[in-house]
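[1] please work out how this folds:
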Amino acid sequence: MRLSEDTVVRFLRGRGVLAPDAPATASVLSGGVSGATFLVVAEDGTEGADRVDGVDGLDGDGWMPGVRTYVVKQPLPFLAVADEWPARVERAGVEAAALRWYGELTPAHLPRLVDYDPECFVLTMTAAPAGWTEWRKALLAGVVDVAAGATLGRVLGAWHAATADPGVGDRLAAYGDLTMFLELRGDPYHRTVAARRPDLATAVLGCLDELLTRPRCLVHGDFSPKNVLVDPSGAGGGLWVLDHEVAHAGNPVFDVAFMLHHLVMKSVHLAGHPDGTDVVPRLVRCAEAFRTAYAQAGGLAVDEEAVVRHTGALLLARVHGKSPAAYLTGEEAAAVSALGARAVVGGLGGVADLFPRTPVGEDAART
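    Residues are numbered from 1 along each chain as shown. From the prediction side, this is the model:
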């Protein structure tokens, strides 16, 4: 059953998430390419109602009166991008399981799983507080909260360290099937780049081989600014990490490189803007804060040479892969491609060298 704006409230009532007579409204949340997502706002006047069977994370007192907000997700079998991009809907189950595990480790930094229907592949989770915003939008507007980078580093480092513990090896093994990682990342990113840029195929496919053959911990797989919600006042007021459907037992360098390649693309995009001379240094400090906090939290991907190479492969993927960064102009995309090409073959000294030091046009002219 495919959910719609007209059917999602009825679905939640059938699952026991909403009381039968509680008024509720639903609206479509836009912006994603991997599934249908709805915001449901419900009035809950059922004080003393029984706790719903199978619902994780609710307090022992059951439902309380008031307004409750939920996000309901159902994955698409094909991602909404220009290229054909199939992906198994079973990834919803992966996200549900990852939400439980990450929720045990850093409950303040992600939504709470309320319900998962394994037959319809539908997740229901708590919605973020009203007014919270997508960190990607803030970054593209030139608003760089360095504290958000540090918080994300601490969260990711804690996840990687805890899920690499030998004592949780059996639990990690449940994420050992890399099929969905290949469908959502390896094939549309690395293998597509290798086909479209044969001159870089050896280096790019070498990165993919490292991702597939060196599993150490639970890797998020989509650790990016678009999946981070922050309080308008900044990370100090609250921060959530979303979209865990690419979680897998893998190489932690992927998550670190994934966040960094987004910060690098933002710096390329903003370098030529009037306030770019101020924004780019803040993005550099944000990246430094992210990596420092990650290492201090016990993060495993601290080999800078490997981080730079994998960041380069991802930069190439956002130009030549199946998910090009929509906000990059043609000139900016060329600069990102040139930067990725240098990085993936080991042509840069360190993470700081990933960030532009001159306006994009001039930088591209030098490559």
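
[2] please tell me how far residue 159 sits from residue 241.
    Using C-beta to C-beta, to the nearest Å, residue 159 is found at 9 Å from residue 241. Using the backbone N, CA and C atoms, a C-beta is placed for each residue, glycine as well.

[3] these two: which is more packed in?
    Set residue 159 next to residue 241 and count neighbours by other C-beta atoms under 10 Å: residue 159 wins out with 29 against 23.

[4] list residues touching both of residue 159 and residue 241?
    Common neighbours of residue 159 and residue 241 are listed as 102, 220 (criterion: C-beta atoms under 8 Å, 6 or more residues apart in numbering).

[5] can you map out the helices along the stretch 151-300 of the chain?
    169-173, 179-181, 192-196, 201-213, 253-271, 276-296 (DSSP state H, counting those that start in this stretch).

[6] quick one: secondary structure of residue 67?
    Classification of residue 67 using DSSP: H, G, I helix; E, B strand; the rest coil returns strand.

[7] i'd like the first residue to be 19 from this point on
    Taking 19 as the first residue, the last one we looked at is residue 85.

[8] and it, how many neighbours?
    Neighbour number of residue 85 under other C-beta under 10 Å is 10.

[9] show me the beta-bridge partners of it.
    Note on residue 85: beta-bridge partners by DSSP bridges are residue 61.

[10] circling back: return the most buried member of the helices of the stretch 169-318 of the chain.
    The highest mean neighbour count among the helices of the stretch 169-318 of the chain, using mean count of other C-beta atoms under 10 Å, belongs to helix 271-289: a mean of 26.

[11] hey, C-alpha coordinates of that one in CSV?
    C-alpha atoms of helix 271-289 as CSV (Å, rounded to 0.1, in the frame of the first residue of the first chain):
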residue,chain,number,x,y,z
VAL,A,271,36.0,6.8,6.5
PHE,A,272,32.9,7.0,4.4
ASP,A,273,30.9,9.0,7.0
VAL,A,274,33.8,11.5,7.6
ALA,A,275,34.4,12.0,3.9
PHE,A,276,30.7,12.3,3.2
MET,A,277,30.3,15.3,5.6
LEU,A,278,33.5,16.9,4.4
HIS,A,279,32.7,16.7,0.8
HIS,A,280,29.5,18.6,1.4
LEU,A,281,31.4,21.3,3.3
VAL,A,282,33.9,21.5,0.5
MET,A,283,31.2,21.9,-2.2
LYS,A,284,29.6,24.7,-0.1
SER,A,285,32.9,26.5,0.0
VAL,A,286,33.4,26.2,-3.7
HIS,A,287,29.9,27.5,-4.3
LEU,A,288,30.3,30.4,-1.9
ALA,A,289,33.9,31.3,-2.7
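
[12] between it and helix 294-314, how many degrees?
    Helix 271-289 and helix 294-314 are oriented at 170 degrees to each other (axes from the mean of the first three to the mean of the last three C-alpha atoms, to 10 degrees).

[13] so what's the gap between helix 271-289 and the chain middle?
    Helix 271-289 sits 12 Å away from the centroid of its parent chain (C-alpha atoms, centre = their mean, to the nearest Å).

[14] report all helices and strands that it contacts.
    helix 153-158, helix 164-181, helix 219-231, helix 294-314, helix 322-338, helix 348-362, helix 378-383 (3 or more C-beta pairs under 8 Å, 6 or more residues apart in numbering; DSSP states H and E).

[15] now the ones you listed as JSON lines including distance to residue 44?
    Putting those into JSON lines (distance: least, C-beta to C-beta, whole Å) gives the following:
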{"stretch": "helix 153-158", "distance to residue 44": "23"}
{"stretch": "helix 164-181", "distance to residue 44": "30"}
{"stretch": "helix 219-231", "distance to residue 44": "38"}
{"stretch": "helix 294-314", "distance to residue 44": "36"}
{"stretch": "helix 322-338", "distance to residue 44": "33"}
{"stretch": "helix 348-362", "distance to residue 44": "37"}
{"stretch": "helix 378-383", "distance to residue 44": "42"}
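
[16] turn the ones you listed into a markdown table, including mean pLDDT.
    Putting the helices and strands packed on helix 271-289 into a markdown table (pLDDT from 0 to 100) gives the following:
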| stretch | mean pLDDT |
| --- | --- |
| helix 153-158 | 96 |
| helix 164-181 | 98 |
| helix 219-231 | 98 |
| helix 294-314 | 93 |
| helix 322-338 | 98 |
| helix 348-362 | 97 |
| helix 378-383 | 45 |
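
[17] any idea which of those helices gets closest to residue 196?
    Closest of the helices and strands packed on helix 271-289 to residue 196 is helix 219-231, at 6.1 Å (criterion: C-beta to C-beta).

[18] low-confidence ranges, the chain, go.
    49-51, 62-83, 95-105, 292-295, 376-385 (pLDDT under 70).

[19] rerun that using 80 as the cut-off
    Within the chain, the ranges that satisfy pLDDT under 80 run 19, 48-53, 62-84, 94-106, 290-295, 375-385.

[20] so what's residue 321 up against?
    By C-beta under 8 Å, 6+ apart, the residues touching residue 321 are residue 271.

[21] all the strands of the stretch 19-168 of the chain, in order from the start?
    Applying DSSP state E, counting those that start in this stretch to the stretch 19-168 of the chain gives strands spanning 42-46, 53-62, 84-93, 131-135, 140-144, 151-152.

[22] mind listing what's buried along the third one?
    If I follow you right, that is strand 84-93. For strand 84-93, burial by neighbour count (16 or more other C-beta atoms under 10 Å) applies to 86, 88, 89, 90, 91, 92, 93.
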